[in-house]
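Visitor: Fold the following and give me the result.
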Amino acid sequence: MTASGAGERSRARRAVLASGAIALLALLAACAPATAADSPFAGRTLYRSPDSSAAIAARTGATAAEREAAARLAARPTATWLVPERLPAGEVGPAVDALLDDAAGAAALPVLVVYGIPDRDCGGHSAGGLARTPYLAWIDEIAAAIGERSAVVVLEPDALALAEACPDAAARPALVREAAARLPETTAVYLDGGHSAWLPAERMAELLRAAGVDRVRGFATNVSNTRTTSEERDYAHRVAAALGGGHAVIDVSRNGSGPPADASWCNVPGRTVGEDPGPLDDEVVDAVLWLKPPGESDGTCNGGPPAGQWWPEAAIALTGGG
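Guide: Numbers count the residues shown, from 1 in each chain. Okay, the predicted model is just below:
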């Protein structure tokens, strides 16, 4: 054997070994559980809107106590809710476009909550929404405005967990599935995951599966509720296990004092804001977020104004001032 022949064989063996190592690494990566590095929140700053209810009240509140409470709330990144009664067709697209432009200018990641499904809240405090055809057109307008820009969308809180109490129980997951499919593939979408004291994890997983959770980033829990972060984190893991894997975000905006003894949720007195929003180093839970804007009413219960309206007394109480 010549020296050149031996060298060629040696190089060939090294090439085979290298290709095998690359294949093994690829296989291990495919089988490895997701980590925080896979999260859409990893390395990102969350967006704070200068036009949130709290930010406006911090500038214009009627009393010093309201302005102080509002300023504390406005200092935390909070989701922006898209509701057709406030942002109808023809207005929601430009509003989303402007918000995403502002977020991009701040190098921040916006979180949107889309809340306009037909028979929203099944006639509860947040009753409303659009009929099916205009609803999907409204979703299309939101999707077009987002385009390829970075955004997180929490799609239709309570739509799945509440489905069995609605007249259209069977059709509801399918409509959520269709709405989710119309959003850009680059958008991190989380479907309604209820909360730890609502449906069993296995039943929630069935609804999520029917709504196409396998085609989106994951599910959101505890939206507008006050269950503790530890309860919700455990619940998210149980739902993900029932799904065979998955990701979640948790609303911690008002869970600082945990749930009341009677498990009520609507403008519950004695609650406080939760921990600061941000990413988690967790294989299931991507982030804890402020989804329900603290200081906005849940509805005409416990003395509150209609759902979504700024309520100074609630803002003051949630920040420990009352």
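
Visitor: May I see the buried residues of stretch 177-196?
Guide: 177, 179-180, 183-184, 187-196 (16 or more other Cβ atoms under 10 Å). From N, CA and C alone the C-beta is placed, and that goes for glycine too.

Visitor: which residues in the stretch 151-300 of the chain form strands?
Guide: 152-155, 188-192, 218-221, 248-251, 278-279, 285-289 (DSSP state E, counting those that start in this stretch).

Visitor: residue ranges for the helices of this protein, please.
Guide: Listed in chain order, the helices found in the chain under DSSP state H are 3-31, 53-60, 64-74, 92-105, 132-146, 172-182, 201-210, 229-243, 312-318.

Visitor: what's the second one in contact with?
Guide: Spelled out, it's helix 53-60. Residues outside helix 53-60 that contact it (Cβ atoms under 8 Å, 6 or more residues apart in numbering): 48-49, 66-67, 70-71, 73-74, 78, 293-296, 310, 312, 315.

Visitor: Identify, from those residues, the entry nearest to His125.
Guide: His125 has its nearest neighbour among the contacts of helix 53-60 in Glu296, at 12.0 Å by Cβ to Cβ.

Visitor: I figured the closest one hits Trp310, correct?
Guide: Yes. Assessed by Cβ atoms under 8 Å, Glu296 is found in contact with Trp310 at 6.0 Å.

Visitor: of those two, who's got more company?
Guide: Taking other Cβ atoms under 10 Å, Glu296 and Trp310 do not tie; Glu296 has more neighbours (23 against 19).

Visitor: Could I get the contacting residues of that one?
Guide: Ser53, Ala307, Gly308, Gln309, Trp310, Trp311, Ala314.

Visitor: Looking at the fifth one now. What's its pLDDT?
Guide: Reading off the confidence values, Trp310 has pLDDT 97.

Visitor: That one and Gly304 touch, don't they?
Guide: No. Applying Cβ under 8 Å as the test, Trp310 and Gly304 come out as separate, 10.6 Å apart.

Visitor: who touches both of these two?
Guide: Joint contacts of Trp310 and Gly304 (Cβ under 8 Å, 6+ apart) are Ser297.

Visitor: one step back: tell me which two of the contacts of helix 53-60 sit farthest apart.
Guide: Longest span within the contacts of helix 53-60, Cβ to Cβ: Arg48 and Pro312, 20.0 Å.

Visitor: how about low-confidence regions in this structure?
Guide: 1-37, 322 (pLDDT under 70).

Visitor: what's Val285 in contact with, if anything?
Guide: Taking Cβ under 8 Å, 6+ apart as the test, what Val285 contacts is Arg233, Ala236, His237, His247, Ala248, Val249, Ile250.

Visitor: Just put the residues you listed in JSON lines and tack on distance to Ser224 and neighbour count.
Guide: Below are the contacts of Val285 laid out as JSON lines (distance: Cβ to Cβ, whole Å; neighbours: other Cβ atoms under 10 Å):
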{"residue": "Arg233", "distance to Ser224": "18", "neighbour count": "20"}
{"residue": "Ala236", "distance to Ser224": "17", "neighbour count": "28"}
{"residue": "His237", "distance to Ser224": "22", "neighbour count": "17"}
{"residue": "His247", "distance to Ser224": "20", "neighbour count": "24"}
{"residue": "Ala248", "distance to Ser224": "16", "neighbour count": "26"}
{"residue": "Val249", "distance to Ser224": "14", "neighbour count": "33"}
{"residue": "Ile250", "distance to Ser224": "12", "neighbour count": "33"}
